[in-house]
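Novice: Here is a sequence together with a model predicted from it:
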Amino acid sequence: MVIEQIYTGCLAQGAYYIESNGEAAIIDPLRETQPYLDKAKSNQVKIKYIFETHFHADFVSGHLDLAKKTGAKIVYGPNAETSYDKHLASDGEEFAVGSLTIRVLHTPGHTPESTTYLLLDQNGKEHAIFTGDTLFIGDVGRPDLAQKKGSLTKEDLAGWLYDSLRNKIMVLPDNVIVYPAHGAGSACGKNMSSETWDTLGHQKATNYALRADMTREEFIKEVTDGLMPPPQYFAKNAKLNKTGYESFDHVMKKGAVALSPREFETVANETDALILDVRDKATFVKGFIPNSIFIGLDGSFAPWVGALIVDLMQPILIVAPAGREEETVKRLARVGYDNSIGYLKGGFEAWAAEGREIDRIETIDVPTFVQHYTQDSSIQILDVRKPGEWSGEHIESAQHFALDYINANMGEIQPDQPYHLHCRSGYRSTVAASILKARGFQHLVNVQGAFTDIVKSTIPTTTFACPSTKAAEA
């Protein structure tokens with residue numbers, strides 16, 4: 001028996017490879033299928049099943065491409081209506097993978113079709129559960145992401161989740177291993193652990209949602225309290241997973257096209273393409289193509305793309321570090337952005353070498369920021385962190401201007417006014433500054449440095465008690 005967790009940090013997502021006696025199953029695969037194909041080929045096994053725990057909202061699954069390339073059967077649990085062929089399993093149905101058995105446990109709550117897969121070893125003993133977004137390590141799935149029908153509410157789904165956990169999962173032996181679909185950093189839960197697996201017994205002892213004395217009413221209140229609005233791309237990704245999407249290979253072929261600076265400029269002028277610069281933040285601010293948007297590959301790239309770029313079919317031109325151009329196309333496609341149309345050959349250096357127009361963002365460190373504040377304490381400061389961070393502690397005179405909602409809140413600030421922007425480290429403030437600069441804000445000063453250093457400085461800070469919001473951002 002082989003069980004391998006294939007964890008992708010940028011999405012905080014765990015896919016699973018299960019193998020026994022020449023057969024394999026994949027649970028919740030990512031968009032790119034080659035790693036699974038390579039593994040099966042190397043081990044000389046046939047991928048027999050592709051199990052989906054639910055309609056994922058935070059990434060586009062690779063189930064359709066993988067099924068086409070392997071002949072494997074796509075399996076969903078009850079209530080999963082799709083526009084493509086799949087096996088709609090019934091609660092309790094079993095599937096053989098070599099000498100192993102995978103049993104379907106319908107566990108609605110995160111979504112109506114949410115399903116947990118119980119793995120039985122060659123002796124029929126319960127070995128592990130693949131819980132999707134039903135049960136995380138330290139948390140449970142949020143009940144407000146389903147594509148709802150009729151009058152179904154998040155409270156209804158939370159009640160279903162309570163029943164699923166108590167009747168289907170908590171009755172299993174304590175030594176069963178819990179393999180969830182996500183870990184810390186995912187927006188599919190409120191307070192997930194950084195651990196990516198655990199035993200069920202330990203979760204019963206430590207996970208607030210599995211408290212033995214918790215009533216259904218208490219559970220519903222705790223699970224629904226403090227939920228922040230989901231990122232705008234979640235519903236769009238869930239729809240793609242439900243109805244289908246363009247092949248990953250075609251998306252890569254279309255996007256991984258090298259364009260000379262002249263070709264790049266021509267395409268940019270002739271289309272409504274977004275120029276997405278994914279280099280390091282410190283490099284970006286020193287020089288970039290005018291109207292570029294910065295979202296660095298080495299930050300939480302995919303979630304920020306999904307939060308900030310509204311149209312999944314927005315044409316995108318890429319400026320990337322050398323050798324990371326195709327990686328950028330791939331990571332965009334993981335969250336449904338399938339319309340990359342090329343990248344700048346030779347990167348920004350090639351653009352600058354030809355003497356083409358460039359732009360910059362004034363960027364300072366924390367000591368310089370303190371000097372600016374000391375000289376003029378009335379400077380306008382934009383704190384672009386999340387609500388929970390803001391409520392924890394913030395500069396007294398700062399205006400909260402969360403990056404997550406920058407598109408909706410643009411009217412709160414004035415293009416002709418000067419602003420200093422900061423976040424926790426400088427990544428998000430650089431993203432925000434690039435967006436504002438592209439929209440005509442010219443008097444920006446970006447602070448790159450640790451917020452903890454700001455707190456230690458002479459700049460006055462304050463806290464705002466808001467437990468529910470703080471919990472949602474923990």
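Specialist: Here it is on my side, so go on.

Novice: Quick check: most distant residue from the centroid of this structure.
Specialist: residue 375 (40.5 Å; CA atoms, centre = their mean).

Novice: so what's that residue up against?
Specialist: Going by CB atoms under 8 Å, 6 or more residues apart in numbering, residue 375 touches no other residue. (Glycine included, C-beta is placed from N, CA and C.)

Novice: mind checking pLDDT for it?
Specialist: Looking at residue 375, its pLDDT reads 97.

Novice: Can you pull the phi and psi angles for it?
Specialist: For residue 375, the backbone dihedrals (degrees, to the nearest 10) come out as phi -70, psi -30.

Novice: And for residue 154?
Specialist: According to degrees, to the nearest 10, residue 154 has phi -70, psi -30.

Novice: That one touches residue 144, doesn't it?
Specialist: Yes - Residue 154 lies in contact with residue 144 (CB atoms under 8 Å); the separation is 4.0 Å.

Novice: Kindly provide the distance from the closest residue to residue 366 other than its chain neighbours to residue 137.
Specialist: Take residue 366 and drop its neighbours on the chain: the residue closest to it by CB to CB, 6 or more residues apart in numbering is residue 449, 3.7 Å away. Note on residue 449: its distance to residue 137, by CB to CB, to the nearest Å, is 32 Å.

Novice: swap in residue 409?
Specialist: Taking CB to CB, one finds residue 409 at 34 Å from residue 137.

Novice: what do you get for residue 71?
Specialist: On the measure of CB to CB, residue 71 and residue 137 end up 34 Å apart.

Novice: between those two, which one's more packed in?
Specialist: Set side by side, residue 71 and residue 137 show more neighbours around residue 137, with 23 against 10, by other CB atoms under 10 Å.

Novice: Now do the contacts for residue 193.
Specialist: 136, 137, 138, 139, 183, 184 are the contacts of residue 193 under CB under 8 Å, 6+ apart.

Novice: you'd agree the last one is in a strand?
Specialist: No - the assignment for residue 184 by DSSP: H, G, I helix; E, B strand; the rest coil gives coil, which leaves it out of any strand.

Novice: Tell me how many other residues surround the closest residue to it other than its chain neighbours.
Specialist: Leaving aside its sequence neighbours, residue 184 sits nearest to residue 194 (CB to CB, 6+ apart; 4.3 Å). Using other CB under 10 Å, residue 194 is surrounded by 10 other residues.

Novice: which stretches of the protein aren't confidently modelled?
Specialist: Confidence mapping of the chain against pLDDT under 70 gives the ranges 147-150, 464-474.

Novice: care to break it down by domain?
Specialist: Listed by automatic domain parsing, the domain ranges of the chain are 2-235, 246-353, 362-473.

Novice: roughly how far out does the host helix or strand of residue 348 sit from the chain middle?
Specialist: According to DSSP states H and E, residue 348 maps onto helix 347-353. From the chain centre to the centre of helix 347-353 is a distance of 31 Å (CA atoms, centre = their mean, to the nearest Å).

Novice: Likewise for stretch 47-58?
Specialist: Its chain's C-alpha centre and that of stretch 47-58 lie 16 Å apart, by CA atoms, centre = their mean.

Novice: and what of stretch 186-206?
Specialist: 17 Å.

Novice: again with stretch 425-442
Specialist: 21 Å.

Novice: now what about it, what contacts it?
Specialist: Residues outside stretch 425-442 that contact it (CB under 8 Å, 6+ apart) are 277, 281, 284-285, 288, 291-296, 299, 304, 308, 359, 361, 363, 382, 384-385, 401, 403, 406, 410, 413, 415, 419, 421-423, 444, 446-451.

Novice: Tell me the buried residues in it?
Specialist: 425-438, 441 (16 or more other CB atoms under 10 Å).

Novice: What of stretch 81-95?
Specialist: Buried residues in stretch 81-95 (16+ other CB under 10 Å): 82, 86, 89, 93, 95.

Novice: repeat for stretch 326-336
Specialist: In stretch 326-336, counting by 16+ other CB under 10 Å, buried: 328, 329, 330, 331, 332, 333, 334, 335, 336.

Novice: And the last one, its phi and psi?
Specialist: Here is the backbone geometry of residue 336 (degrees, to the nearest 10): phi 90, psi 10.

Novice: again, but for the third one
Specialist: With angles defined as degrees, to the nearest 10, residue 330 sits at phi -60, psi -40.

Novice: residue contacts, it?
Specialist: Residue 330 touches 31, 32, 252, counting by CB under 8 Å, 6+ apart.

Novice: make it 6 Å
Specialist: Neighbour list for residue 330: residue 32 [criterion: CB atoms under 6 Å, 6 or more residues apart in numbering].

Novice: how far away is it from residue 345?
Specialist: In this view, residue 330 and residue 345 are 18 Å apart by CB to CB.

Novice: my hunch is that residue 92 is in a helix, does that hold up?
Specialist: No - counting by three-state DSSP, residue 92 falls outside a helix, being coil.

Novice: so residue 320 makes contact with residue 326?
Specialist: No - taking contacts as CB atoms under 6 Å, residue 320 lies outside contact range of residue 326: 8.9 Å.

Novice: all strands of the stretch 251-400 of the chain, in order?
Specialist: 258-259, 274-277, 293-294, 316-319, 340-344, 362-364, 381-383, 394-395, 399-400 (DSSP state E, counting those that start in this stretch).

Novice: For the fourth one, name the packing helices and strands.
Specialist: Meaning strand 316-319. strand 274-277, strand 340-344 (3 or more CB pairs under 6 Å, 6 or more residues apart in numbering; DSSP states H and E).

Novice: Which neighbours in the sheet does it have, and how are they oriented?
Specialist: strand 274-277 (parallel), strand 340-344 (parallel) (DSSP bridges).

Novice: Please dump the ones you listed into JSON lines; it should also carry mean neighbour count and distance to residue 119 for every row.
Specialist: Output for these, formatted as JSON lines (neighbours: other CB atoms under 10 Å; distance: least, CB to CB, whole Å):
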{"stretch": "strand 274-277", "mean neighbour count": "21", "distance to residue 119": "40"}
{"stretch": "strand 340-344", "mean neighbour count": "23", "distance to residue 119": "37"}
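
Novice: how about these, which one is nearest residue 390?
Specialist: Distance to residue 390, taken as CB to CB, is lowest for strand 274-277 among those, at 26.9 Å.

Novice: Centre of the chain to the closest one, how far?
Specialist: 19 Å.

Novice: Identify all contacting residues around it.
Specialist: Taking CB under 6 Å, 6+ apart as the rule, strand 274-277 contacts 284, 288, 289, 292, 293, 294, 314, 316, 317, 318, 319.

Novice: Quick check on those residues: which are buried?
Specialist: For the contacts of strand 274-277, buried by 16+ other CB under 10 Å: 284, 288, 289, 292, 293, 294, 316, 317, 318, 319.

Novice: that older thread, can I get the helix holding residue 348 in PDB, CA atoms only?
Specialist: Taking C-alpha atoms only, helix 347-353 is exported to PDB below (Å, rounded to 0.1, in the frame of the first residue of the first chain):
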ATOM      1  CA  GLY A 347      12.200  39.600 -19.200                       C
ATOM      2  CA  PHE A 348      12.100  43.200 -18.000                       C
ATOM      3  CA  GLU A 349      15.800  43.500 -18.700                       C
ATOM      4  CA  ALA A 350      15.200  43.100 -22.400                       C
ATOM      5  CA  TRP A 351      12.500  45.800 -22.300                       C
ATOM      6  CA  ALA A 352      14.800  48.200 -20.400                       C
ATOM      7  CA  ALA A 353      17.800  47.500 -22.600                       C
END
